[in-house]
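Participant: build me a model:
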Amino acid sequence: MVEFAGIIVLGIFAQWLAWRYKVPAILPLILIGLGVGPISTLYTEDGLKLIEPIFDIKTGHGLFPGQSLFYFVSLSIGIILFEGGLTLKKKEIEGVGASIVRLITMGSAVTFVGAGLAAHYIMNLNWDISFLFAGLIIVTGPTVIAPILQNIPLNRNVATVLKWEGILIDPIGALVAVLVFEFIVSSHGGLEMT
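Facilitator: As a prediction, the model looks like this:
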């Protein structure tokens, strides 16, 4: 329970830092998350993370037992997408609808192919993992775009295109990532890749 309260306090602190220094909220959230997560293993005595998301019975350390983290993340994503969908107004896309459609369709395809090739040739990943990575990074996401739009004054049309693309591309990216993952699992005859 202390860890859960710590996450809430750190989240509020990150939001305050973003407001105070006029930076997108995602930046302090990521930095604080890294600081209490993977990076904290470097400076804790026992090598454990300060905040561990998955409960470990041996150490008694962690937040979510079993599959609870998966359910919590799924619920959170649903709430974020629902809230983002409520902010979309059909009248906003007059004159920019075609740009949104092109950005979602062609942009997704170019990102998927380009990121897959880059991951394979630059990072020397195998083709399966390269295109799984590419499927995951198709998503720009409203949690990243919305704070940027709040902090940077943009032309109304540009802001509208970015807002709609950020919300509408989430399900596409998730679907592509799941399809690629299922292709990998089925082509290798099981779950030994996971």
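Participant: nearest residue to Ser187 other than its sequence neighbours?
Facilitator: In space, and not counting its chain neighbours, Ser187 is closest to Asp128: 7.8 Å by CB to CB, 6 or more residues apart in numbering. Yep, even glycine has a C-beta here, placed from its N, CA and C like the rest.
Participant: and the helix or strand that neighbour falls within, how far from the chain's centre?
Facilitator: Assigned by DSSP states H and E, Asp128 falls within helix 127-136. Centroid separation for helix 127-136 versus its chain: 15 Å, with CA atoms, centre = their mean, to the nearest Å.
Participant: show me what the next helix or strand after it is packed up against.
Facilitator: Next helix or strand after helix 127-136 toward the C-terminus (DSSP H and E): helix 142-151. Helices and strands touching helix 142-151, by 3 or more CB pairs under 8 Å, 6 or more residues apart in numbering; DSSP states H and E, are helix 26-36, helix 68-86, helix 156-187.
Participant: swap the cut-off to 10 Å and go again
Facilitator: Helix 142-151 makes packing contacts with helix 2-21, helix 26-36, helix 68-86, helix 156-187 when contacts are defined by 3 or more CB pairs under 10 Å, 6 or more residues apart in numbering; DSSP states H and E.
Participant: rank the ones you listed by pLDDT, which is bottom?
Facilitator: Among those, helix 68-86 has the lowest mean pLDDT, at a mean of 82.
Participant: and that helix with helix 142-151, angle?
Facilitator: Orientation check (axes from the mean of the first three to the mean of the last three CA atoms, to 10 degrees): helix 68-86 against helix 142-151 gives 40 degrees.
Participant: what's the first helix or strand after helix 68-86?
Facilitator: helix 97-123.
Participant: rewinding a little: buried set for the helix holding Asp128?
Facilitator: The neighbour-count check on helix 127-136 (16 or more other CB atoms under 10 Å) flags 128-135 as buried.
Participant: coming back round to it: same list, the helices and strands packed on helix 142-151, but as a markdown table with distance to Gln150 please.
Facilitator: Formatted as a markdown table, these follow (distance: least, CB to CB, whole Å):
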| stretch | distance to Gln150 |
| --- | --- |
| helix 2-21 | 10 |
| helix 26-36 | 11 |
| helix 68-86 | 14 |
| helix 156-187 | 10 |
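Participant: centroid-nearest residue for this protein?
Facilitator: Nearest residue to the geometric centre of the chain (CA atoms, centre = their mean): Gly141, 6.7 Å.
Participant: what's the closest of the buried residues of helix 127-136 to Ile184?
Facilitator: Asp128 (4.6 Å; CB to CB).
Participant: check Thr194 and give its pLDDT.
Facilitator: In this model, Thr194 is scored at 51, pLDDT.
Participant: who touches Ala159 in this structure?
Facilitator: 92, 96, 145, 148-150, 152-153 (CB atoms under 10 Å, 6 or more residues apart in numbering).
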